[in-house]
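Q: From the sequence below, what's the structure:
(2 chains)
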Amino acid sequence: MSQPYAIELKGITKAFGSVVANKNISLNVKQGEILALLGENGSGKTTLMNMLSGIYKPDSGEIFVEGKPVSINSPEDSKRLGIGMVHQHFKLVDVFSAADNIWIGREKAGLRLKKNRFALVEEMIQRFGFDLDPAKKVYNMSVSEKQTLEIIKVLSYGAKTIILDEPTAVLTVQEIDKLFGVLRRMKAEGHSIIIITHKLNEVMDISDRVAILRKGEYITTVDTRETNEQELTEWMVGRKVDLNIDRPVMEKTRPLLELRDVTIRNDEGALAIDGVNFYIRGGEILGVAGIAGCGQKELCEAIAGLRPIEKGQMIHKGDNIVGLPPKAIHEKGISMSFIPEDRLGMGLAPSLSITDNMLLKNYADTKGPFVNRKQGRADAENVIQELDVVTPSTETPVRRLSGGNVQKVLLGREIKAGPNVIVTAYPVRGLDINSSYAIYNILNRQKQAGVGILFVGEDLDVMMALCDKIMVLCHGRLMGVVHAHKTTKEELGLMMTGALDLTDKYEDKPAGIAKDTRFGEKEGEEEA
Amino acid sequence: MHIHIVKRDKLPLWKKCCFYLAAVLAALVLGGVVLLSIGVNPLEYYTRMFTMGTMGNPIAYRVFENYLKDFVPLVLTSVALSLAFKMRFWNIGGEGQFIMGAISAAFVALKLGPSLPNAVTLLLMCLAAMVVAGLYGLLVAALKVRFGTNETLLTLMLNYVALYVLIFLGETKADWNFFLREDSVRPVFASFSDWVKFPAFSLGGRFTLNICVILTVVVGLLVYLYLKKTKQGYEIAVVGDSAGTARYAGMKVNRIVLRTVFLSACLIGLAAAFKVGTAGILSTAITNDVGWTGIIVAWLAQLNTVAIFLVAALICVLHNGSVAAAATFSRVDSSFANMLQGAILFLVLAADFFIRFRVVITKKGGRDNG
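A: Now for the predicted structure:
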């Protein structure tokens, strides 16, 4: 063997209870290559990588690093073997500087915090060819800077193989390009890289080879040059899949919900949404694009009545609904579902059963002091049947369901109430292809039924395919509303970073109104 | 050889019970070893303890009556605490709320007792104890809701405030202090058992069942229904599980927190009224530590109302039985019960671990480094 594999796995099996997360998996990474690890949710990608980083131990099977058999019992072992992992959720101390975050994980760091650590780290950053201030505190960093710091940290510990778990999920298009540049340079320097993702275009762009897992089993490894997105999806899902997202064209109706000059503050009292104007018509999906934390959450909460609107009007079917309590807004037919990062925080009570979660918004509507669980159970059965929720029973706690099913339960409940405006943030967050398409279909069916949908999303490709129009926010300011079928990812990316502002282009109209609409002041007066 | 910890699938209820039973047995075996080491026959000791000395005792009915006197405040306090715990409000102020309830009940009994009929006095005692204890709890909830203070610290510290108020009343000989006996030079709590007492019913034999026991079972049943079936109980479950979700669903979370904590403290006040009304006198040890033991009971029962009754019954057997056994086995102090209680708590927690996980030992793992 002239050039042993950087890492080779042979017959790795790992089970959690009766669930087999990895079944007899064998794969390898060559030195100086980028291997993409592709698979749906629950296919065992992260479990497999956690065994390399020493968080789990395989039940059986062998691991070889540079041709030598090893046993990885702890993250320290993994570090010593030159394996570094950048987790999806960063492992950084917020109040520490970049240098200190690197320093705490060092072996032989000593008991004293040396004064010259900033210089030492600075030198290291230069050597790897990055650009980062070692004295900058983590809480002042952007997401992409934090990720850079994670990569520097891993490199500084002497990692030869670097594992990245969904590194692009939180980045803008421009930041992704930058990251891929870094990865290519690292590869040229002889590092091996494993990148976990389920974005096929990125796989095609960055990787040399692709290894595919499905339901805990290893399917195959292919050269990226000899495959295409359609083929990869079929391997990943196990059957033919239509990758096109439908965008049914609907007759436009009058605006259902309109926001005018709305200003909202966040928890810290800073401006989260700054004088934003937009409206949603019935039968259309309006996408909201923006970098994480640009005010989407505050906007959703304000529409649902959970956050006060400081200034401006929110008009629903001709009534100003600013200041109404959440319950009254819900009764008007405005439904909001927000899927936070942990996926269970808002909208569902994770320890309660599906039945109880169905009752969340209408439990108080019945007479008397008792909860009508019969109704809840019937609703739960309906949602389970209509949306193909996989669950043992209606009484199963929601947290025991898989991600896709949790989100179906949430959307199912919102749709059941027959809303006329649906505000949904990240409904496919963390979902695999199958579940995502199921959710898109649910939304499209609602759109066809004349519901106006505000879709806060992360994946620009999806938004460009699913939405009718996309509005872009940057630091709480509206950068413009564009037609989804006419725009490009680059244009959206520039708007998201604030480099392109389309609101000034049409000075004769209020900001944020798409150029084809004649929804001017006159009609507005009439509505209000 | 490698040891893995593997997550288990859901166990059927009877198997879970077996695990818990095994934990209790293991605790008893552990206690047995201690007993053996000090030269006491564990079998004899346990027999005496679990029968609470009723065997061959001509006044065994008295033992049961006393047992129930201990059982009622403990189970009621524990049920009350479970209400707050369900909402993830860590009310460890059971002691303080109990004391405040007890002082109020005694106040009513001493001031109004002599002039009012027994039934009216008792009713007023219960009401006063519930309102005062409830407000004592509500204070903490209000501070938490308004200023985000930590309820664990505040309820804990207020326990001592209440305790020292009680000690102050018990030790200050003064004209205004009607809590003390007037005919005594030393400060001694005044008794009101002559004119105020919860009635007891004879059940055929000499054994009499105090009305407090019946009321406690009724309250337990009501709390069970409240948590399981009512809208307010549903709100408690949602707030406890995820306050963000509750707010999002349009629930008035602050109001629910205030209401539930008030109710929880109220019921602790009721337990205090029952205690004072049967004892007929205050004492600085009036709580019998139910505010602390109640927490253990609630968690051992995993906040299940039915299980709270079972666990409280068992814990009371331990305490009363060890006192009874201490009479025969002079070498074993009655605080042996506390040791057993601790052992049971730890072993039940351990059993909990084995219910959720399975330990697997594999002969040959991966090879070592190098």
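
Q: What distance do you get for the residue nearest to the spatial centre of chain A to chain B?
A: Centroid check for chain A by Cα atoms, centre = their mean gives A:R429 as the closest residue, at 4.5 Å. The spacing between A:R429 and chain B, counted by Cβ to the nearest Cβ, to the nearest Å, is 16 Å. Bear in mind the C-beta positions are built from the backbone N, C-alpha and C, glycine included.

Q: So what's the predicted local confidence for A:Y5?
A: What the model reports as pLDDT for A:Y5 is 87.

Q: Specify the local secondary structure of it.
A: In three-state terms, and counting by DSSP: H, G, I helix; E, B strand; the rest coil, A:Y5 is coil.

Q: Give me the nearest residue to it, chain neighbours excluded.
A: A:N28 (4.3 Å; Cβ to Cβ, 6 or more residues apart in numbering or on different chains).

Q: my read: that neighbour touches A:L9, true?
A: Yes - with contact defined as Cβ atoms under 8 Å, A:N28 counts as touching A:L9 (7.1 Å).

Q: And the two? Which one has more around it.
A: Ranked by neighbour count (other Cβ atoms under 10 Å in any protein chain shown), A:N28 and A:L9 place A:L9 first, with 22 against 18.

Q: Next up, the contacts around that one.
A: Listed by Cβ atoms under 8 Å, 6 or more residues apart in numbering or on different chains, the contact partners of A:L9 are A:I25, A:S26, A:L27, A:N28, A:L48, A:G61, A:E62, A:I63, A:F64.

Q: Packing partners of the helix or strand harbouring A:V182?
A: Following DSSP states H and E, one finds A:V182 within helix A:173-188. Applying 3 or more Cβ pairs under 8 Å, 6 or more residues apart in numbering or on different chains; DSSP states H and E, one finds that helix A:173-188 contacts strand A:34-38, helix A:143-156, strand A:192-196, helix A:200-206, helix A:489-496.

Q: which other residues reach the last one?
A: Contacts with helix A:489-496, where a contact means Cβ under 8 Å, 6+ apart, come from A:172-174, A:289-291, A:294, A:460-461, A:464, A:470, A:472-474, A:479-480, A:482, A:500-502.

Q: Just give me how far that helix sits from the chain centre.
A: Centroid separation for helix A:489-496 versus its chain: 18 Å, with Cα atoms, centre = their mean, to the nearest Å.

Q: Buried residues of that helix, list them for me.
A: A:E491, A:L492, A:G493, A:L494, A:M495, A:M496 (16 or more other Cβ atoms under 10 Å in any protein chain shown).

Q: want to throw the contacts of A:L9 into CSV with pLDDT?
A: Listed next are the contacts of A:L9 as CSV, based on pLDDT from 0 to 100:
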residue, pLDDT
A:I25, 90
A:S26, 90
A:L27, 89
A:N28, 90
A:L48, 89
A:G61, 89
A:E62, 90
A:I63, 91
A:F64, 91
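
Q: Can you identify each of the helices in the stretch 251-400 of chain A by residue range?
A: Counting by DSSP state H, counting those that start in this stretch, the stretch 251-400 of chain A has helices at residues A:296-303, A:326-331, A:354-358, A:373-386.

Q: brain fart, the stretch 1-150 of chain B
A: Under DSSP H, counting those that start in this stretch, the stretch 1-150 of chain B gives helices at B:13-37, B:42-50, B:60-86, B:94-111, B:118-147.

Q: any idea of the angle the helix holding A:V182 forms with helix A:489-496?
A: 110 degrees (axes from the mean of the first three to the mean of the last three Cα atoms, to 10 degrees).

Q: in helix A:173-188, what counts as buried?
A: For helix A:173-188, using 16+ other Cβ under 10 Å, the buried residues are A:V173, A:E175, A:I176, A:K178, A:L179, A:F180, A:V182, A:L183, A:M186, A:K187.

Q: Apart from its chain neighbours, what residue comes closest to the third one?
A: Spelled out, that is A:I176. Leaving aside its sequence neighbours, A:I176 is closest to A:T168 (5.0 Å, by Cβ to Cβ, 6+ apart).

Q: Quick check, the residue in the stretch 1-150 of chain B closest to chain A?
A: B:K7 (4.4 Å; Cβ to the nearest Cβ).

Q: Identify the residue spatially nearest to B:L11, adjacent ones excluded.
A: Per Cβ to Cβ, 6+ apart, closest to B:L11 is B:I355, 5.7 Å.

Q: can you list contacts of the helix or strand A:F455 falls within?
A: Using DSSP H and E, A:F455 falls within strand A:452-456. Residues from elsewhere that reach strand A:452-456, judged by Cβ under 8 Å, 6+ apart: A:255-257, A:280-288, A:296, A:299-300, A:303, A:338, A:420-427, A:443, A:446-447, A:463, A:466-467.
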